[in-house]
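Peer 1: Here's a sequence, model it:
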Amino acid sequence: TQKLRGALALLLLCTFASASQDLQVIDLLTVGESRQMTAVAEKIRTALLTAADIYLLSTFRLPPKQGGVLFGLYSRQDNTRWLEASVVGKINKVLVRYKREDGRVHAVNLQQAGLADGRTHTALLRLRGPARPSPALQLYVDCKLGDQHSGLPALAPIPPAEVDGLEIRTGQKAYLRMQGFVESMKMILGGSMARVGALSECPFQGDESIHSAVTSALH
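Peer 2: Numbering: from 1, shown residues only. Sure, this is the predicted structure:
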């Protein structure tokens, strides 16, 4: 029985490890031409339906109490806000807004951001289970967990017919106007926290799901 449990734990570990390898990294600061934007928008749309986790990894500097949209995915036709992340420097938070299944816009306030202080910071926004009925959001600032919310309303799926009309916007130009800058901004589709940690030079531990699965198999 012990051998069977060990074999099962190893199988689960290999399965999760294999899944965590399947990630795509998109450099959002290089997305410019409409054809390229459509291809990237389709990748994001698909990931919102299929990926276990989606990450927005950015390094930037903002003057004290300044802020603005960091990343947004919108409809060109009617300016529908499908997914948006902003820094609100005056009250020290990150605001995430997205379209819910019922068509309304849902706002999530992630506190303790400390991002608008004139220094360079790395922020990691993790959207867990975007296709699940109750997704979750986590905000890491300089490798430390700042805030998190779970049991959120489900995201509205983006219809395939909308892809050609989607627009990706970043805060690159706006932050420059405020005497700040965006050094890098990447969207990571899929993958584990350990792999994302390697990309961001943060020593995140392995995916919690692996630990939970292996622990369950051994008991």
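Peer 1: quick check: domain ranges of this protein?
Peer 2: 1-21+203-219, 23-190 (automatic domain parsing).
Peer 1: Single out the most deeply packed of those domains.
Peer 2: domain 23-190 (a mean of 17; mean count of other Cβ atoms under 10 Å). In short, each C-beta sits where N, CA and C put it, glycine included.
Peer 1: Quick check: end-to-end length of that domain?
Peer 2: 5 Å (Cα to Cα, to the nearest Å).
Peer 1: what's the answer for stretch 86-101, then?
Peer 2: Termini of stretch 86-101 sit 21 Å apart (Cα to Cα).
Peer 1: Over to stretch 94-107?
Peer 2: 10 Å.
Peer 1: which residues does the residue nearest the centre of the chain bridge with?
Peer 2: Note on the chain: the residue nearest the mean C-alpha position is Y55, at 2.6 Å, using Cα atoms, centre = their mean. With DSSP bridges applied, Y55 shows beta-bridge pairing to R126, I188.
Peer 1: Hmm, L127 and it touching each other?
Peer 2: Yes: the criterion here is Cβ atoms under 8 Å, and Y55 meets it with L127 at 7.4 Å.
Peer 1: got the contact list for P135?
Peer 2: L127, R128, G129, L152, A154, L155 (Cβ atoms under 8 Å, 6 or more residues apart in numbering).
Peer 1: wait, isn't the third one in contact with Q138?
Peer 2: Just to be clear, that refers to G129. No: proximity of G129 to Q138 does not meet the contact threshold set by Cβ under 8 Å, at 11.4 Å.
Peer 1: Now do the shared contacts for these two.
Peer 2: By Cβ under 8 Å, 6+ apart, no residue touches both G129 and Q138.
Peer 1: my read: A47 touches Y55, true?
Peer 2: No: taking contacts as Cβ under 8 Å, A47 lies outside contact range of Y55: 10.3 Å.
Peer 1: Show me the helices in the chain, by range?
Peer 2: 2-21, 34-50, 172-177, 193-200, 208-218 (DSSP state H).
Peer 1: the bottom helix or strand of the chain by mean pLDDT?
Peer 2: Least confident element among the helices and strands of the chain, by mean pLDDT, DSSP states H and E: helix 208-218 (a mean of 39).
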